[in-house]
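*Asks:* Structure for this input, please:
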Amino acid sequence: MGTSIILGQGYVGLPLAQALTEIGDEVLGFDVNQSLVDRLNDGKSHVDDISDSSLALMIKSGYRATTAPQDIGLADVVVICVPTPLDSHGGPDMSYVESASALVAANLKPGALVILESTTYPGTTTNLLKPMLESGNRSLDSDFYLAFSPERIDPGNQRFNIRNTPKIVGGESEASGDKAVEFYSRFVSEVHRTAGTKEAETAKLLENTYRHVNIALINELAMFCNDLGIDVWEVVKAASSKPYGFQAFYPGPGVGGHCIPVDPAYLSFEVKRRLGADFRFIATAMDINNGMPRYVVSRIQAILNRDGKPLLGSRVLLLGMTYKPDIADLRESPSLEILEILMHEGAEVSFFDPHVSRARIGGDMIEGESDLDDAISRSDVVVLLQAHKAFDLDSIVEKSKWLFDTRGLTHGPNVERL
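*Replies:* Reported below is the predicted structural model:
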């Protein structure tokens, strides 16, 4: 039993805090957002996988959210779980990691273990975090210990969670690695140790680059299959019958979430910066996947053309705005870009999502439809972007004039699939 502080109380930090409270640790959840901290201390969760009742149990078991940097000095273990998005030029935005690291360096308890979980490019732990912690004449493995362990949170996954998903751990030194392995082994069923922090950082990037590249492959195949009159969904189904050497990936309106659209860019950035080389697979995959929202709009236009209607002024209803089914997470969702393109092209576009009542497009807040049946009846084309379990797909097919299904789940004379 000890005291841990987790910097960042989002989709990664809060589940980690929950796992630690369950083994009896005192846990401080640090965040710079005062209103978020207040809501957490009032027992109101903003993370899909943690209910208000679960948060209440965490608080009862020793969890407290805080905005006070001096609380970092109370902790034996400091875990940094802040965002690592892309900047306006498509490169890594390390500002959150830099700010968090500065706070840790200014308030660290002697002998504490510091772990970075935020996804980042190889060398961040060694070249950014370590020098900051060494300020004030501190020494690694004497005044502090340092490791990298990438988060593997999959929001909405009912099978795998933080406890039964193997944890990658890379220490900045042998002793630091030992400390980090010991920490995670207390609540994670399997810990995989790498040679060092760079290997652990790169392993995380490989996981999501692998997915990004394969999604791009099937998305490009889907576009060619449409032009060739081939049902790509039947193709994937048939290929999946092979019991070895094939893993199924499925086409869709684009890639979203906190990992797949972002992580490959971190790997590509470091390869370009350090080696002066282009990571060609990543560049091609990003080009294909980033183009899917506009391709979806072109298919919507083609459906309208059959009725002699332009996109301008036509009524288009989007179903499902989140990047994954059955959660309320809009981060990097391609549905938002599709909505924005349709608005720009002059369509009378609306959306319905049982998990999201509004969406921000630029500086505007767009309200979702409240009555699905009424919204369908007013629409020239209905577009299934995310297949939430709450959707009665048979009913949606029956009531739609045209349904464009980007998930390949429906059939009917009025249905066109991606």
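
*Asks:* what residue lies at the spatial centre of the chain?
*Replies:* The geometric centre of the chain, computed from its C-alpha atoms, lies nearest to residue 258 (C-alpha atoms, centre = their mean), at 2.4 Å.

*Asks:* Which of the helices or strands spans that one?
*Replies:* Assigned by DSSP states H and E, residue 258 falls within no helix or strand.

*Asks:* Return the distance of it relative to residue 94.
*Replies:* Distance from residue 258 to residue 94, counting by C-beta to C-beta, to the nearest Å: 16 Å. C-beta: built from backbone N, CA, C; applies to glycine.

*Asks:* what do you get for residue 256?
*Replies:* For residue 256, the distance to residue 94 - C-beta to C-beta - is 22 Å.

*Asks:* same deal with residue 315?
*Replies:* Taking C-beta to C-beta, one finds residue 315 at 43 Å from residue 94.

*Asks:* same question, residue 198
*Replies:* Counting by C-beta to C-beta - residue 198 and residue 94 are separated by 16 Å.

*Asks:* repeat for residue 3
*Replies:* For residue 3, the distance to residue 94 equals 27 Å [C-beta to C-beta].

*Asks:* Give me the three-state assignment for the closest residue in space to residue 239 that isn't next to it in sequence.
*Replies:* Counting by C-beta to C-beta, 6 or more residues apart in numbering, residue 239 lies nearest to residue 246, which is 5.5 Å off, once chain neighbours are set aside. Three-state call for residue 246 (DSSP: H, G, I helix; E, B strand; the rest coil): coil.

*Asks:* re the thing from before, phi and psi next, for the residue nearest to the centre of the chain.
*Replies:* phi -90, psi 0 (degrees, to the nearest 10).

*Asks:* OK, contacts around it?
*Replies:* The neighbours of residue 258, taking C-beta atoms under 8 Å, 6 or more residues apart in numbering as the test, are 11, 83, 331, 332.

*Asks:* Secondary structure class of the third one, three-state.
*Replies:* Applying three-state DSSP to residue 331 yields a three-state assignment of coil.

*Asks:* separation between it and residue 321?
*Replies:* Distance of residue 331 to residue 321, computed by C-beta to C-beta: 11 Å.

*Asks:* my read: residue 293 touches residue 342, true?
*Replies:* No: counting by C-beta atoms under 8 Å, residue 342 is not a contact partner of residue 293; they are 9.6 Å apart.

*Asks:* so how far is residue 380 from the most far-flung residue of the chain relative to its centre?
*Replies:* The C-alpha centroid of the chain is most remote from residue 308, which lies 39.4 Å away (C-alpha atoms, centre = their mean). As for residue 308, its distance to residue 380 is 11 Å (criterion: C-beta to C-beta).

*Asks:* Same check on residue 329?
*Replies:* Separation of residue 329 from residue 380 (C-beta to C-beta) stands at 29 Å.

*Asks:* for residue 158, same thing?
*Replies:* Shown here: residue 158 relative to residue 380, a distance of 36 Å by C-beta to C-beta.

*Asks:* quick revisit: ok, residue 331 and residue 321, which is more surrounded?
*Replies:* Shown here are residue 331 and residue 321; by other C-beta atoms under 10 Å, residue 321 has more neighbours (27 against 19).
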